[in-house]
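Q: Sequence first, then the predicted structure:
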Amino acid sequence: DTKDWTWVLEERCPECGFDCRSPRREELASLVSAVGERWLDVLPSTTEPARRPEPQVWSPLEYACHVRDVCALATYRVTLMLDEDVPLFANWDQDVTAVEERYASQDPITVNDDLGRRAREFADRLASVPDDAWDRAGRRSDGARFTVESFARYLLHDPIHHLTDVTGVRWSD
């Protein structure tokens with residue numbers, strides 16, 4: 001949570017092409033589902049999912065583990081915002097998590113199944129947000145403040161961006 005990607009809420013990402021401002025709020029859940037479905041094709045189509053293209057660049061397997069965990073974190077944080085008044089999110093270090101959880105040695109089939117389930121859970125959580133709750137807020141320790149809606153948009157960028165990292169295909173609206 002120390003990397004500030006909140007700028008993606010203000011402009012199209014030049015690397016992946018996704019513009020968080022484009023989808024209507026009522027499209028966010030289905031977009032999460034669609035992105036999750038695209039991810040389900042990544043690992044089965046990769047001959048060496050644990051192979052890093054460069055020493056400092058995650059492998060498709062590591063990215064898939066990260067996206068799985070981002071979806072779980074997103075579901076949890078949206079639930080916090082719906083259940084509590086302006087909760088403070090605990091810090092999450094994605095790089096530490098990757099090492100501690102041994103992303104590079106996880107089973108690709110299990111990761112793929114878990115990623116699909118976590119993406120569906122995130123989509124279901126968004127689909128269940130009442131109309132009057134999209135403006136409920138939460139905050140990070142670095143001062144970033146989100147509403148349920150802005151958080152959903154912000155988090156949606158992550159799996160889309162990493163899909164581009166892995167496949168080389170930019171997002172098209």
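A: Done, it's in. Numbers count the residues shown, from 1 in each chain.
Q: Would you mind measuring from Ala133 to Val78?
A: Taking Cβ to Cβ, to the nearest Å as the measure, Ala133 falls 10 Å from Val78. Glycine gets a C-beta too; all of them are placed from N, C-alpha and C.
Q: Which other helices and strands does the worst-scoring helix or strand of the chain on mean pLDDT contact?
A: Between all helices and strands in the chain, the lowest mean by mean pLDDT, DSSP states H and E belongs to helix 94-100, at a mean of 93. Applying 3 or more Cβ pairs under 8 Å, 6 or more residues apart in numbering; DSSP states H and E, we find helix 94-100 packed against helix 60-83.
Q: How far away from the center of its chain is the helix it packs on?
A: On the basis of Cα atoms, centre = their mean, to the nearest Å, the separation between the geometric centre of helix 60-83 and that of its chain is 6 Å.
Q: Could you tell me the average pLDDT over that helix, please?
A: Summarised as a single mean, pLDDT over helix 60-83 is 98.
Q: For that helix, which helices and strands make contact with it?
A: Counting by 3+ Cβ pairs under 8 Å, 6+ apart, the packing neighbours recorded for helix 60-83 are helix 28-39, helix 94-100, helix 108-127, strand 137-139, helix 148-167.
Q: Check what pLDDT Asp173 gets.
A: For Asp173, the model assigns a pLDDT of 58.
Q: ugh, wrong one, I meant Thr2
A: At Thr2 the predicted local confidence, pLDDT, stands at 53.
Q: Look at stretch 50-62 and report the distance between its end residues.
A: Across stretch 50-62, the terminal residues are separated by 7 Å (Cα to Cα, to the nearest Å).
Q: cool, stretch 16-32 as well?
A: The first residue of stretch 16-32 is 16 Å away from its last residue (Cα to Cα).
Q: Give the buried residues for that stretch.
A: Cys16, Phe18, Asp19, Cys20, Pro23, Leu28, Ala29, Leu31, Val32 (16 or more other Cβ atoms under 10 Å).
Q: OK, contacts around the fifth one?
A: Taking Cβ atoms under 8 Å, 6 or more residues apart in numbering as the definition of contact, the neighbours of Pro23 are Leu31, Arg153, Leu156.
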